[in-house]
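*Asks:* What would the 3D arrangement of this be:
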Amino acid sequence: MKRIISAFIAFSLIIGCFALWGCSKNSADGYNLVMITDGNPINDGAYNESAWNGVKEYAEEKNMTFRYYQPSLDENGKLSVETIKNYIDLAAEDNAKFVVLPGEAFSVGAYEIAPAYSDINFILVDAFPHAENDETIRFQSNVMCISFDDLEAGFLAGYTSVTDGYTKLGYLGSVGSDNSGNYGAGFVQGAAFAADQKETPVILDYANYDAENLSYDYSFTVKALYKKVSEEKEKTFKVNVVDGIGSGVYTDGENVKITANPAPQGKVFDHWEVKSDTDGVKDRKVNISSKKKPSMNLLVGDCDCTIKAVYSDGEGETEEPQEEKNDNNRLKFNVTVENGTGSGSYATGEKVQIVADAPEDGYMFEKWESIDNQGLKTGISMDNEYCYATEFEMVDRVASVAERMYDNGAQLIFGGGNPVSDSIFTATKSFDYQVWAFGSGTDEASKGNCHASVVNDYGAAVKLALESYQPGGILSANCSNGCIYVTGKSLEKTVKDKKGNEVDNESYDGNYEMIYNALAQNKLNLINMQSGGDVRNTFKSACLTVNYWINE
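*Replies:* Below you'll find the model as predicted:
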């Protein structure tokens, strides 16, 4: 019976996932070209939308049929290998010749799944295939990878920052990361080139956010937010959990984790008792993954319900007392959870589990919000900020380092390659002058203090890869093929107005065109930064001074 229930739930989840389909050019014979999003919508204004634009442009030029799939993420907000396989199965059934996979979320899936589909040509964008928990690149014969040049991207950001008039800069990243290291090395070399070209003194604070000698303010608040049920557009159902966590209002098809409270003294958890609270709907419609496990999943749908943990006599498992770790050398910091549990003092690297309180009648959980001690959004990355029960790994308070840079006089900070780069945008106090951040990866203009962004153009790169597909090969996306650019800068001196007349292009920048062409023609000898390297060895300049905020 357990297998039947599990199989039904798995089938239901797959059906729920498959409901999020999209297509652009229909064909009774299938689709030549398929893209699978990383779980985010196709119009996310970021990587999925960019990649999809390249797919559409290529397919329309070649008169090919094409579509996309938007899979559902698991309860932890992750895209599982099993889910990826389900969608590749669909693409195979659609007779797809090409399948586009945008981003690191597909690295393990491409490694494990692609070899079984030799008739499909895969394109893995901005990532390389690798095994679970092993970053070693494992090239596949039918997977072409697209790799963006971090060094050139950083150079464009550094050069543009100085030519735009900024003389006090900051870079915030991780010396232990090749990706972040090259963004930072490029940024420093670009700033040095522009400073010498303009003969203008420039100061740049370069920080490794993993350095122990940096001072952080770690305290922040995590708050559960709720919204009125009437504001939800999808159908909702009320779940009441007795002697456990998981009570709330959820949308149809949502997968909710339900956990029993610890058993009372002398008792052990026995089973879950389920009851439909909707007239005309039988109790068996309450679809749970297990009646015997104290932690299980509920597939919401069909009815409101009550789920009760039932205990029986017996010796419950007692937790062994945990030895207090010696954290004298590990700085702890306070997390306050509002409208939920999980408050405490945590050290960097520890897992923090938070659970939202059950909502009041007429309301449902919406999402988690994290705010630092100045009332600003933090850079904390949760497993799933839209799940009432989630967790996150405590990270260094990167925003406080950016604030120190601003306090030290920095006018603009770059965080390319930094997994918590949002901190450079949110780190703002009451300054007497405007402070800016330079975005990377996507166009981050929507953030209030973004001066510009250096963009990895997934669309242009995907189109190039489709045009020149090389099984098992790599497409180097860089300035030479127009796959990297800075927002607000143009290489075109003139544009056509609404009447079709040639007019001056206000976005044209001669300095930018000069340096972009030099990079495209490989006329600049940029120096790569290996993990753990010293960025000061990558440049020589009469005008740039680098303050190295890293332990010597």
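
*Asks:* So which residues of the stretch 451-552 of the chain form strands?
*Replies:* Applying DSSP state E, counting those that start in this stretch to the stretch 451-552 of the chain gives strands spanning 474-477, 484-486, 494-496, 502-504, 544-549.

*Asks:* now these as a markdown table including mean neighbour count?
*Replies:* No exception for glycine: its C-beta is placed from N, CA and C like everyone else's. Compiled in a markdown table, the strands of the stretch 451-552 of the chain are given as follows (neighbours: other Cβ atoms under 10 Å):
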| stretch | mean neighbour count |
| --- | --- |
| strand 474-477 | 20 |
| strand 484-486 | 23 |
| strand 494-496 | 12 |
| strand 502-504 | 10 |
| strand 544-549 | 17 |
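
*Asks:* Format those strands as TSV; extra columns: distance to residue 307 and mean pLDDT.
*Replies:* Output for the strands of the stretch 451-552 of the chain, formatted as TSV (distance: least, Cβ to Cβ, whole Å; pLDDT from 0 to 100):
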stretch	distance to residue 307	mean pLDDT
strand 474-477	50	97
strand 484-486	52	98
strand 494-496	62	88
strand 502-504	66	91
strand 544-549	52	92
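
*Asks:* and the helix ranked longest in the chain with strand 544-549, angle?
*Replies:* The helix that spans the most residues within the chain, counting by DSSP state H, is helix 178-198. With axes from the mean of the first three to the mean of the last three Cα atoms, to 10 degrees defining the directions, helix 178-198 sits at 150 degrees from strand 544-549.

*Asks:* Check which residues of helix 178-198 are buried.
*Replies:* Buried residues in helix 178-198, defined by neighbour count with 16 or more other Cβ atoms under 10 Å: 178-196.

*Asks:* Turn the strands of the stretch 451-552 of the chain into a markdown table, including distance to residue 59.
*Replies:* Converted to a markdown table, the strands of the stretch 451-552 of the chain look like this (distance: least, Cβ to Cβ, whole Å):
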| stretch | distance to residue 59 |
| --- | --- |
| strand 474-477 | 18 |
| strand 484-486 | 23 |
| strand 494-496 | 27 |
| strand 502-504 | 32 |
| strand 544-549 | 46 |
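
*Asks:* Tell me which of those strands sits nearest to residue 233.
*Replies:* Minimum separation from residue 233 across the strands of the stretch 451-552 of the chain (Cβ to Cβ) falls at strand 484-486, 36.6 Å.

*Asks:* what's in contact with that closest one?
*Replies:* 148-149, 152-153, 156-157, 160, 452-457, 477-478, 512, 516 (Cβ atoms under 8 Å, 6 or more residues apart in numbering).

*Asks:* Among these, name the ones in helices.
*Replies:* 152-153, 156-157, 160, 512, 516.

*Asks:* still on that earlier bit, the longest helix of the chain - what's its average pLDDT?
*Replies:* If you average the pLDDT over helix 178-198, you get 94.

*Asks:* helices or strands next to that helix in the packing?
*Replies:* helix 150-163, strand 168-173, strand 202-208, strand 412-414, helix 510-520, strand 544-549 (3 or more Cβ pairs under 8 Å, 6 or more residues apart in numbering; DSSP states H and E).

*Asks:* distance of the closest residue to residue 527 other than its chain neighbours from residue 191?
*Replies:* In space, and not counting its chain neighbours, residue 527 is closest to residue 538: 4.2 Å by Cβ to Cβ, 6 or more residues apart in numbering. Distance from residue 538 to residue 191, counting by Cβ to Cβ, to the nearest Å: 11 Å.

*Asks:* cool, and residue 444?
*Replies:* Note on residue 444: its distance to residue 191, by Cβ to Cβ, is 20 Å.

*Asks:* again with residue 536
*Replies:* The gap separating residue 536 from residue 191 is 13 Å, by Cβ to Cβ.

*Asks:* Make JSON lines out of the helices and strands packed on helix 178-198 and add distance to residue 493.
*Replies:* Shown next, in JSON lines, are these (distance: least, Cβ to Cβ, whole Å):
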{"stretch": "helix 150-163", "distance to residue 493": "17"}
{"stretch": "strand 168-173", "distance to residue 493": "28"}
{"stretch": "strand 202-208", "distance to residue 493": "28"}
{"stretch": "strand 412-414", "distance to residue 493": "27"}
{"stretch": "helix 510-520", "distance to residue 493": "8"}
{"stretch": "strand 544-549", "distance to residue 493": "30"}
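
*Asks:* ok, how many other residues are close to residue 293?
*Replies:* By other Cβ atoms under 10 Å, 16 other residues sit near residue 293.

*Asks:* quick one: it is in a helix?
*Replies:* No. Counting by DSSP: H, G, I helix; E, B strand; the rest coil, residue 293 falls outside a helix, being coil.

*Asks:* and it, what are its phi and psi?
*Replies:* Per-residue torsions, residue 293: phi -100, psi 130 (degrees, to the nearest 10).

*Asks:* Test for you: state the pLDDT assigned to it.
*Replies:* 94.

*Asks:* And residue 455, by the same measure?
*Replies:* 97.

*Asks:* which stretches of the protein have low pLDDT?
*Replies:* For the chain, the stretches with pLDDT under 70 are 1-28, 212-218, 315-331, 373-379, 395-397, 428-432, 550-552.

*Asks:* now the helices: where do they sit in it?
*Replies:* Counting by DSSP H, the helices of the chain are 2-18, 47-61, 81-93, 107-113, 150-163, 178-198, 398-407, 423-426, 458-467, 510-520.

*Asks:* Same list, those helices, but as CSV with distance to residue 355 please.
*Replies:* CSV is the format used below for those (distance: least, Cβ to Cβ, whole Å):
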stretch, distance to residue 355
helix 2-18, 23
helix 47-61, 30
helix 81-93, 25
helix 107-113, 29
helix 150-163, 38
helix 178-198, 33
helix 398-407, 25
helix 423-426, 25
helix 458-467, 36
helix 510-520, 50
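
*Asks:* picking that back up, closest to residue 304 out of the helices and strands packed on helix 178-198?
*Replies:* Here strand 168-173 is closest among the helices and strands packed on helix 178-198 (Cβ to Cβ), at 48.4 Å.

*Asks:* Contacts for the closest one, please.
*Replies:* Counting by Cβ under 8 Å, 6+ apart, 158, 161-162, 180-181, 183-184, 187-188, 191, 202-209, 398, 401-402, 405-406, 409-418, 421, 423-424 sit against strand 168-173.

*Asks:* Just the buried ones from these?
*Replies:* For those, buried by 16+ other Cβ under 10 Å: 158, 161-162, 180-181, 183-184, 187-188, 191, 202-209, 398, 401-402, 405-406, 410-418, 421, 423-424.

*Asks:* so residue 282 makes contact with residue 274?
*Replies:* No. At 10.5 Å, residue 282 does not count as touching residue 274 under the criterion of Cβ atoms under 8 Å.

*Asks:* Same drill for those two, tell me which one is more crowded.
*Replies:* A count of neighbours by other Cβ under 10 Å puts residue 274 above the other of residue 282 and residue 274, at 17 against 10.

*Asks:* need the contact list for that one.
*Replies:* Residue 274 neighbours (Cβ under 8 Å, 6+ apart): 283, 286, 288, 291, 305-308.

*Asks:* Got a ChimeraX select line for the buried ones in those?
*Replies:* The ChimeraX selection below is limited to those of these classed as buried (16+ other Cβ under 10 Å):
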select :286,288,291,305,306,307
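
*Asks:* Could you single out the nearest of the contacts of residue 274 to residue 82?
*Replies:* Closest approach between those and residue 82, by Cβ to Cβ: residue 288, at 20.2 Å.

*Asks:* what pairs with that closest one across the strands?
*Replies:* Under DSSP bridges, the beta-bridge partners of residue 288 are residue 298.

*Asks:* Cross-check the contact I'm expecting between it and residue 301.
*Replies:* No. Taking contacts as Cβ under 8 Å, residue 288 lies outside contact range of residue 301: 11.7 Å.
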